[in-house]
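Asks: task: produce atomic coordinates for the following.
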Amino acid sequence: MAHARRAVVIGGGIGGLTAAAALHLRGDEVTVLERAPSLEPVGAAISLAPNALRALDVIGLGDPIRDLAAWQGDGGLRTPRGHWLSRGNATAAAERFGGPLVLLHRATLVSALAGLLPPGTVRTGVPAAVADPGADGRPARVSTPDGELEADLVVAADGLRSAARRTLFPDHPGPVYSGFTTWRIVIPLPGVEFAPHETWGRGGIWGTHPLKDGRVYAYAAAVVPAGERAADERAELVRRFGDWHAPVPAVLAAARPGDVLRHDVHHIAEPLPAYHRGRVALLGDAAHAMPPTLGQGGNLAVEDAIVLAHHRDDLAAYSAARLPRTTAVARRAVRVARVNLMTGRVGTVVRDTAMTVLSKAGPALFLRSFDGIAGWRPPQRPYASEQVEHIEHDARADRDRQAGQASADTHR
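Replies: Okay, here's the model as predicted:
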């Protein structure tokens, strides 16, 4: 009887759990080591684009997540005074990219991913480090407080400050400060109606979006020195954003200081030479941390995990598949951050005017910049997303037939 491959995943976040599920479904014996005392994620909501949903389709989780999440409706981009710079078209986006953009709490996604794993797979409260990356003919070794584990494959999904990355590539400079900080809030907001939006000011951003469970996800960003903190982060948000358009004041009034999470943003400016060494593979923020300005950090981690499982026997192929794509998206996220967090008055006016003109040119032109991102497809056949696309195609065909029949009846 053949010996089952053993995989150890360092990090129980979204990327690590996706990799664990994908490897388990391919027959590996998987152990997930998470430093935190539980899998309850530190964070708020996550937006999943069609590229990540197609990746989740490969492990059978695409449709369940579509059901659990809020499908993002029409919204748009606004100024702090409430003027619409552009209006989104959710139908046009879904048709262009083969599926919807959805939003859900990170805890919901983590729970769904963990549910794909056998009991005992995830060990929490266990810090782990790569003791030996291994090589052909030699397993990798992972050290824990309880001893060492040997593995045919180690997945290092240990985040922005990845110790595994430092072990594999000790000369790499690591992440750098992106120039801004972020705040995130998830709260109930009964009786307040609003259109989903992101608002760009001078050196600051605010966004408000509904979740499926009735709560509201709000986020903000501002250009500040690294490490700056306020005694009361809610009060700091009121100071910076309290006079912006509705529903921003209502969100701030409903939030308590303990509801506000704040994190400085860092990214990996110098790409790694590879995403693997020996039998160890990096994924997610450990490999290519980026600003959240394209909403793709978690999405690319999910992609990484699915591609890694596909290339589990050839990590060089994994690096070759992921490095160009993730580097290009990360660089684009940095460029977008420079634009939407402009601090100069003249530059802000030019930016806002350009966004208005681009929006008036039509949704296709506005969405074109995401073609290379949201249109990605995994190397494995994404059965559920193809089913969604067939349903949408059939629905459009039915509408066209009905419209044609109605026109024929009118002219009889």
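Asks: what's the lengthiest strand in the chain in contact with?
Replies: Ranked by residue count under DSSP state E, the longest strand found in the chain is strand 176-188. With CB atoms under 8 Å, 6 or more residues apart in numbering as the test, strand 176-188 has contacts from 43-45, 105, 211, 214-224, 226, 228, 233, 236-237, 251, 254-255, 259-269, 291-292, 334, 337, 341. In this view, the C-beta of every residue, glycine as well, is placed from N, C-alpha and C.
Asks: let me see the mean pLDDT of it.
Replies: The average pLDDT for strand 176-188 rounds to 98.
Asks: distance between whichever helix or strand comes after that strand and the chain's centre?
Replies: Toward the C-terminal end, the helix or strand that comes next after strand 176-188 (DSSP states H and E) is strand 197-200. Strand 197-200 has its C-alpha centroid displaced from the chain centroid by 18 Å (CA atoms, centre = their mean, to the nearest Å).
Asks: kindly report the same for stretch 162-181.
Replies: Centroid separation for stretch 162-181 versus its chain: 19 Å, with CA atoms, centre = their mean.
Asks: first to last residue in it, what's the distance?
Replies: Stretch 162-181 has its terminal residues 20 Å apart, counting by CA to CA, to the nearest Å.
Asks: buried ones in that stretch, by neighbour count?
Replies: Buried residues in stretch 162-181, counting neighbours by 16 or more other CB atoms under 10 Å, are found at 162-165, 167-169, 175, 178-181.
Asks: nearest spatial neighbour of V260, skipping sequence neighbours?
Replies: Excluding the flanking residues, the one nearest V260 by CB to CB, 6 or more residues apart in numbering is E233, at 4.3 Å.
Asks: quick check: that neighbour touching G258?
Replies: No: contact criterion CB atoms under 8 Å: E233 and G258 do not qualify, at 9.4 Å.
Asks: comparing those two, which residue is more hemmed in?
Replies: Taking other CB atoms under 10 Å, E233 and G258 do not tie; E233 has more neighbours (19 against 8).
Asks: circling back: note down every partner strand of the longest strand of the chain and its orientation.
Replies: Sheet partners assigned to strand 176-188 using DSSP bridges are listed as strand 215-223 (antiparallel), strand 261-267 (antiparallel).
Asks: could you single out the most deeply buried of the ones you listed?
Replies: Mean neighbour count (mean count of other CB atoms under 10 Å) peaks for strand 215-223 among the strands paired with strand 176-188, with a mean of 22.
Asks: and that strand, how far out from the chain's middle?
Replies: On the basis of CA atoms, centre = their mean, strand 215-223 sits 15 Å off its chain's mean C-alpha point.
Asks: mind checking what secondary structure the residue nearest to E303 when sequence neighbours are not counted has?
Replies: With CB to CB, 6+ apart as the criterion, E303 has its nearest non-adjacent residue at 5.0 Å, and that residue is A55. Here A55 is helix, with the state taken from DSSP: H, G, I helix; E, B strand; the rest coil.
Asks: W200 versus A55, what's the distance?
Replies: 30 Å (CB to CB, to the nearest Å).
Asks: what about these two, which has more around it?
Replies: Neighbour count, other CB under 10 Å: between A55 and W200, A55 has more, with 29 against 23.
Asks: am I right that the more buried one is in contact with H310?
Replies: No: using CB under 8 Å, A55 makes no contact with H310, being 10.4 Å away.
Asks: what touches both of those two?
Replies: P378.
Asks: quick one, what contacts the residue nearest to H276 when sequence neighbours are not counted?
Replies: Distance criterion CB to CB, 6+ apart; nearest residue to H276, sequence neighbours excluded, is L315 at 3.8 Å. Listed by CB under 8 Å, 6+ apart, the contact set of L315 reads 153, 275-276, 279, 281.
Asks: by neighbours, which of those wins?
Replies: Highest neighbour count within these, by other CB under 10 Å: A281, with 31 neighbours.
Asks: which SS class is that residue?
Replies: Three-state assignment for A281 (three-state DSSP): strand.
Asks: which strand residues bridge it?
Replies: Those that pair with A281 in a beta bridge, by DSSP bridges, are V155, H276.
Asks: next up, the contacts around it.
Replies: Contact partners of A281, counting by CB under 8 Å, 6+ apart, are 153-156, 275, 308, 315, 318-319.
Asks: at 10 Å instead, please
Replies: 7, 19, 133, 153-157, 164, 168, 274-275, 287, 304-305, 307-308, 311-312, 315, 318-319, 322 (CB atoms under 10 Å, 6 or more residues apart in numbering).
Asks: likewise P127?
Replies: For P127, the contact set (CB under 10 Å, 6+ apart) comprises 10, 33-36, 143-145, 158, 163.
Asks: show me where the stretch 101-250 of the chain has its helices.
Replies: Remark: helices assigned in the stretch 101-250 of the chain by DSSP state H, counting those that start in this stretch are 106-114, 163-168, 233-241, 248-254.
Asks: any residues touching the second one, and which ones?
Replies: In other words, helix 163-168. 10-11, 35, 127-133, 142, 154-159, 162, 172, 174-175, 268, 272-278, 280-282, 285-287, 289.
Asks: report the buried residues of stretch 121-140.
Replies: Those would be 121-122, 126, 128-134, 139-140, for stretch 121-140 by 16+ other CB under 10 Å.
Asks: and what of stretch 81-88?
Replies: 85-88.
Asks: closest to G375 among these?
Replies: G88 (17.4 Å; CB to CB).
Asks: the closest one contacts G73, doesn't it?
Replies: Yes: counting by CB atoms under 10 Å, G88 touches G73, with 8.1 Å between them.
Asks: so what sits against both of those two?
Replies: Jointly contacting G88 and G73 under the rule CB under 10 Å, 6+ apart are 101, 195-196.
Asks: now do the contacts for the residue nearest to E303.
Replies: By CB under 10 Å, 6+ apart, the contact list for A55 reads 18, 22, 48, 61-62, 299-307, 376-378, 380, 382, 385.
Asks: okay, and which of the residues you listed map to helices?
Replies: Counting by DSSP state H, the contacts of A55 place 18, 22, 62, 299-307, 385 in helices.
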